[in-house]
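Chemist: just the structure for this:
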Amino acid sequence: MRETPRAEPPQPRPHRAFAHTTGALGSGTPHRSDGRPPHTPRGARQPGHDDRPGTTPPVPGRSAALRALRVLVALLGLAFLAVCTWQVLVHGPLARLDERVSRALVDSVPRPLSELASDLGNLTVAVPVLACAMAYAVRRGRRAAAVFAGLAMALVPLLVVPLKLWTARPGPLEPWAHGYFPSGHTATALVAYVSAAFLVSRRLLPLAVLLTAVTATGLVLRGFHWPLDILASVALCLPLLYWPALAARYGRVAPPATPAPEKR
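Modeler: Now for the predicted structure:
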């Protein structure tokens, strides 16, 4: 009777054994020899803009929608500014309503309190805040954002002063003086504080808006400006804030890539 051959145990193959060694390339383990993160949903993901977790770059569709929204808001602001300027020049119904509202609000709070609030729009207060934020942004490597914020601040008098000279609107408490439309203090506060928030942290945006609102309220209650002067300044400055916001969002310096270890 023919003897049945005895099965021999499988012999290890050198190239297969090396391939399945822990940590080797192609071993199927999470530890890779080239140090790269695994391409799995739980793998390492680069943080998105503003140090938030997510993919880099952001989703193109969302970015395009946000840019379109900013452009739309800027265009609506310019349209509103044109209407306000026209009403002031012809002393239309909107300007007359504005004057009645202002007379009802002036000195409705103690003057020291309203003056303190309006001082937040002074150049000696708002501009140093923006300068500190610009220095912080430069130190963090966001030089483009700092430059755009500085340019936006520099454009404020170049846009506000010609409108003041053209409209020559008298003040609520000083009818013999002219040049109150639009409000330069409101424009300074809005551009300085909001740009500073873009440069430092977007979490500070509510605080920047609050400081601007306090400034505008103080100007109206003290009688330094008509309410329409305030709204016109906000509409004028909305386009100026577009580029600092965009540069602060996309002008961050990416962290240096860690070189992969050499294969042995």
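Chemist: if I look at residue 126, how far off is residue 215?
Modeler: Remark: distance between residue 126 and residue 215 (C-beta to C-beta, to the nearest Å) = 8 Å. For glycine as for every other residue, the C-beta is placed from the backbone atoms N, C-alpha and C.
Chemist: residues contacting the helix or strand where residue 234 lies, please?
Modeler: Residue 234 belongs to helix 227-237 when assigned by DSSP states H and E. Residues from elsewhere that reach helix 227-237 (C-beta atoms under 8 Å, 6 or more residues apart in numbering): 77-78, 80-81, 84-85, 87-88, 94-95, 98, 101-102, 105, 156, 159-160, 163, 169, 180-184, 186-187, 190-191, 216, 219-220.
Chemist: of the residues you listed, select the buried ones using a ChimeraX command.
Modeler: Only the buried entries of these go into this ChimeraX selection, using 16 or more other C-beta atoms under 10 Å:
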select :77,80,81,84,85,87,88,95,98,102,105,156,159,160,163,169,180,181,182,183,184,186,187,190,191,216,219,220
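Chemist: in helices, which of the contacts of helix 227-237 fall?
Modeler: 77-78, 80-81, 84-85, 87-88, 94-95, 98, 101-102, 105, 156, 159-160, 163, 184, 186-187, 190-191, 216, 219-220 (DSSP state H).
Chemist: that older thread, could you export the helix holding residue 234 as CSV, CA atoms only?
Modeler: Extracted C-alpha coordinates of helix 227-237, given in CSV (Å, rounded to 0.1, in the frame of the first residue of the first chain):
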residue,chain,number,x,y,z
PRO,A,227,-28.7,109.3,13.9
LEU,A,228,-28.5,109.4,10.1
ASP,A,229,-24.8,110.4,10.3
ILE,A,230,-24.2,107.2,12.2
LEU,A,231,-26.0,104.9,9.8
ALA,A,232,-24.3,106.5,6.8
SER,A,233,-20.8,105.9,8.4
VAL,A,234,-21.6,102.2,9.0
ALA,A,235,-22.8,101.9,5.4
LEU,A,236,-19.6,103.6,4.1
CYS,A,237,-17.3,101.4,6.1
